[in-house]
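A.B. asks: Only the shape, not the letters, is given here:
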Ligand code: SF4
Ligand code: MG
């Protein structure tokens, strides 16, 4: 099966003074042309590290990919040189980060920043490039682009800056855009506008998008499929429709309960998931969610659950769905 991006059993460790953290512990998923896949989970679940690996941005040292493969257009890109990565990032993969200010050079006109990568990768004249920069600003909904193209980042509001970052990411016409918490730093109304923009661009340009978020609201808004990560592994994956309609993993149930609901005028209180994720210096040998799970059984602490399939492409790794799990009747019969 051909996929634009395929992650196969990816494992990433980080060396720290305390030892080696297993940040990503065997993650697999794929992204097809023209689809948006959300990677969702709490901070520290490995979702940003996974995104860094796809962009060739794991800082080595202290980080390293210890196992697994990343395939882009069926070509392995797991261990490219810095130079090869720069070429891919400048032409095939665009990036949008949480804080637009860190992505922008404060001393450079925004037009120049958009044009830079374009000129480097596509060999066009300055004039053509400037025309392109204006076009890009218009594409991402920045009013008065002829004037704005010559302004500096501090002359833009937070939301407008993130639009500029998106313009830079799209200037080289990438096939894939990786967006790591692209709206988290923005206030709520601006968040919605940026999500609308990403959605529109994704559709118009037939882009593939990987969006990293802790927010199921964002997932529902923009993604076609979702990958739920916990403690460095994928615990559930499926279409957004299927996972929202019938979530199968207790961690996903917890995330759904913590989703804010607007009932009439009332904004319901969030129900956070009790407890904390396990220590990834020395991860548990069984299900990593066991310590926080209301449904944990003995086997959950002993053995990692395998994936069970539900609807097409919908899987969850939980003993509750595994026919090999000990049945209540058997436990009762055994006097436990
Ligand atoms: Fe809970 Fe066990 Fe399922 Fe883990 S495998 S989520 S502990 S029921
Ligand atoms: Mg992060």
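C.D. replies: Thanks, I have it. Note that this is a predicted model, so its numbers are computed, not measured. Numbering: from 1, shown residues only. Ligands and ions are numbered 1, 2, ... in the order given.
A.B. asks: If I follow the layout properly, residue 15 ends up in contact with residue 61?
C.D. replies: Yes. Contact status for residue 15 versus residue 61: in contact at 6.1 Å, counting by Cβ atoms under 8 Å. Quick note: C-beta positions are derived from backbone N, CA and C, even for glycine.
A.B. asks: Looking only at neighbour counts, state which of these two leads.
C.D. replies: residue 15 (13 against 8; other Cβ atoms under 10 Å).
A.B. asks: Wait, a strand at the more buried one?
C.D. replies: Yes. Membership of residue 15 in a strand is supported by DSSP: H, G, I helix; E, B strand; the rest coil.
A.B. asks: In contact with the residue nearest to the spatial centre of the chain, which residues?
C.D. replies: In the chain, the centroid-proximal residue (Cα atoms, centre = their mean) is residue 212; its distance is 2.4 Å. Listed by Cβ atoms under 8 Å, 6 or more residues apart in numbering, the contact set of residue 212 reads 38, 39, 47, 48, 50, 51, 178, 179, 180, 181.
A.B. asks: Just the ones in strands from these, please.
C.D. replies: Secondary structure of the contacts of residue 212 is defined by DSSP state E; positions in strands are 38, 39, 178, 179, 180.
A.B. asks: mind putting the residues you listed in TSV, neighbour count included?
C.D. replies: As requested, those are arranged in TSV below (neighbours: other Cβ atoms under 10 Å):
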residue	neighbour count
38	26
39	28
178	27
179	28
180	21
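A.B. asks: Tell me the one of those residues nearest residue 327?
C.D. replies: Sorting these by how near they are to residue 327, with Cβ to Cβ, puts residue 39 at the top with 33.9 Å.
A.B. asks: Residue 56 against residue 92, yeah?
C.D. replies: No. Residue 56 lies out of contact with residue 92 (Cβ under 8 Å); the separation is 11.2 Å.
A.B. asks: which of those two has more neighbours?
C.D. replies: residue 56 (20 against 17).
A.B. asks: ok, longest helix in this structure?
C.D. replies: Using DSSP state H, we find that the single longest helix of the chain is helix 188-204.
A.B. asks: pLDDT of that one, averaged?
C.D. replies: When the per-residue pLDDT values of helix 188-204 are averaged, the result is 93.
A.B. asks: List of residues touching it?
C.D. replies: 34, 36, 139-141, 157-159, 162-163, 166, 170, 177, 179, 182-183, 186, 207, 209, 211, 218, 221-222.
A.B. asks: ok, and of the residues you listed, which contact ligand 1?
C.D. replies: Near ligand 1, taking Cβ under 6 Å from any ligand atom as the test, no member of these is found.
A.B. asks: ok so, going back, would you mind giving the secondary structure of the residue nearest to the centre of the chain?
C.D. replies: With three-state DSSP as the basis, residue 212 sits in strand.
A.B. asks: Not counting sequence-adjacent ones, nearest residue to it?
C.D. replies: Nearest residue to residue 212, sequence neighbours excluded (Cβ to Cβ, 6 or more residues apart in numbering): residue 180, at 4.4 Å.
A.B. asks: The one you found and residue 98 touch, don't they?
C.D. replies: Yes. Proximity of residue 180 to residue 98 meets the contact threshold set by Cβ under 8 Å, at 5.9 Å.
A.B. asks: quick check: domain ranges of the protein?
C.D. replies: Per automatic domain parsing, the structural domains of the chain span 5-92+176-193+201-333, 104-173.
A.B. asks: Fine by me, we can end here.
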